[in-house]
Each structure stands twice: as structure tokens, then as C-alpha cells.
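Enquirer: predicted coordinates and the sequence they were generated for:
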Amino acid sequence: MKLDREDLNRLIEKISTSDIQEFSLEGEDFKLEIKRNLFDQSQPTNNLISNNSFDRQTTVNQKSLNDSVSIVNEPEAPQVAPPGRSDLTDITSPMVGTFYRAAAPEEDPFVEVGNIVKVGQTICILEAMKLMNEIESEFNAEIVEILVENGTPVEFGQVLMRVKQS
């Protein structure tokens, strides 16, 4: 059984809108486990996503996490952004989700090309399993490129923006 990113996103969406508390699916080249509503929402928690294709683990802090997803896949070629200048730093997606440039459709984007951002300033939102995760700048920088269109699904590690650190 093969499970591509689109299938995974559809499956997570279906499960997130159902009463299912725990779900497990295993194929030849992957194992998927979803456990819901296991955490007290008043306590900050960590969501750990492990991806063998990069042999690294990334911890994503979320203010109110009530769902935990653990995904293990066989190695596959990572999506590569167009080559950039060597003086720019890539800002990558810490999770699979939907990229939003603003808090709401009628509001102004968090950042535009040419804006200067400070450490801790919100630069975009990633929606994952109906949770809105604000992505903050890790350094003072100028936004040079925004590589993802508003409302577009993104993958873990995908380059979202390129910045020039100041």
C-alpha cells in the first residue's frame, strides 16, 4: 500500500472531523499513528514529527495542541525550491499544513517582500488539523522572497521564504 501526501492530508482531515480517538495504519513503506484529545489543553505541549528521509527530528511548540501525529516514511526525494542566492537564509516549514500569509482573508499579510522583521514577529500561519500555528521569525531579517502562495498546502522542510539576515 502506498500513501502519498494528498492521501495523507485527506485521511488526516477525515479523522480530525470524526469521533475517532486513536488510529493506526501500516503499509510496506510507512507507519501512521494518530492519537487525539490526549493532552490537557491548558498546558503547553510538544508535537514530535519524525521523518526518516532526513534522519532528524523536529519539535514544534504549540500553545494549544490536542492532537498528536507521528509519521514514519521511507526516504523520498525532498521538494526543492528554486536555487537562491548564497547570502539568503531559507525559512522552512516545521510541519505539513496549509500556508496562510494573513490571520484572515480580509486582513493584510503578516509580511511582504522588502519588510524588515524582528525576532519573534509572526511571519505566517500554518494550519494543521484545524489548528492555526503562528510561525515566528527566528532572527532579525529582511524578507527577500515569498515562495508559497496563500492557501497552498506545504510539506515538512519546504522552503516558505528567503530572508537576508541583518
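Expert: In hand now; what should we look at? Numbers count the residues shown, from 1 in each chain.

Enquirer: all helices for this structure, in order.
Expert: Assigned by DSSP state H, the helices in the chain fall at 5-16.

Enquirer: let me see the ranges of the strands in it.
Expert: Taking DSSP state E, the strands of the chain run over residues 22-26, 30-36, 45-51, 56-62, 67-73, 89-92, 97-100, 116-117, 122-128, 131-136, 141-146, 152-154, 159-165.

Enquirer: the second one: partners in the sheet, and parallel or antiparallel?
Expert: Going back to what we said before, that points to strand 30-36. strand 22-26 (antiparallel), strand 67-73 (antiparallel) (DSSP bridges).

Enquirer: hey, least reliable of those strands by pLDDT?
Expert: Lowest mean pLDDT within those: strand 67-73, a mean of 50.

Enquirer: can I see the domain layout of the chain?
Expert: Annotated domains of the chain cover 5-73, 89-165 [automatic domain parsing].

Enquirer: ok, back up a step: in terms of mean pLDDT, which of the strands of the chain ranks lowest?
Expert: Note on the strands of the chain: lowest mean pLDDT is at strand 56-62, with a mean of 35.

Enquirer: dump the residue contacts of Phe139.
Expert: By Cβ atoms under 8 Å, 6 or more residues apart in numbering, Phe139 lies in contact with 89, 119, 163, 165. Just so you know, the C-beta spots here come from the backbone N, C-alpha and C atoms, and that holds for glycine as well.

Enquirer: greatest separation within those: which pair is it?
Expert: Of all pairs drawn from the contacts of Phe139, the widest gap by Cβ to Cβ lies between Thr89 and Val119 and measures 13.2 Å.

Enquirer: who's more crowded, these two?
Expert: Just comparing Thr89 and Val119: by other Cβ atoms under 10 Å the higher neighbour count belongs to Thr89, 15 against 10.

Enquirer: hmm, that one is touching Asn140, no?
Expert: No. Thr89 lies out of contact with Asn140 (Cβ atoms under 8 Å); the separation is 11.3 Å.

Enquirer: identify the contacts common to the two.
Expert: With Cβ under 8 Å, 6+ apart, Thr89 and Asn140 have common neighbours Gln165.

Enquirer: pretty sure Met132 contacts Ile125?
Expert: Yes. If you go by Cβ under 8 Å, Met132 and Ile125 touch, sitting 5.2 Å apart.

Enquirer: the two: which has the busier surroundings?
Expert: Set side by side, Met132 and Ile125 show more neighbours around Ile125, with 19 against 15, by other Cβ under 10 Å.

Enquirer: so in terms of bridging, what pairs with the more buried one?
Expert: Counting by DSSP bridges, Ile125 is bridged to Tyr100, Glu134.
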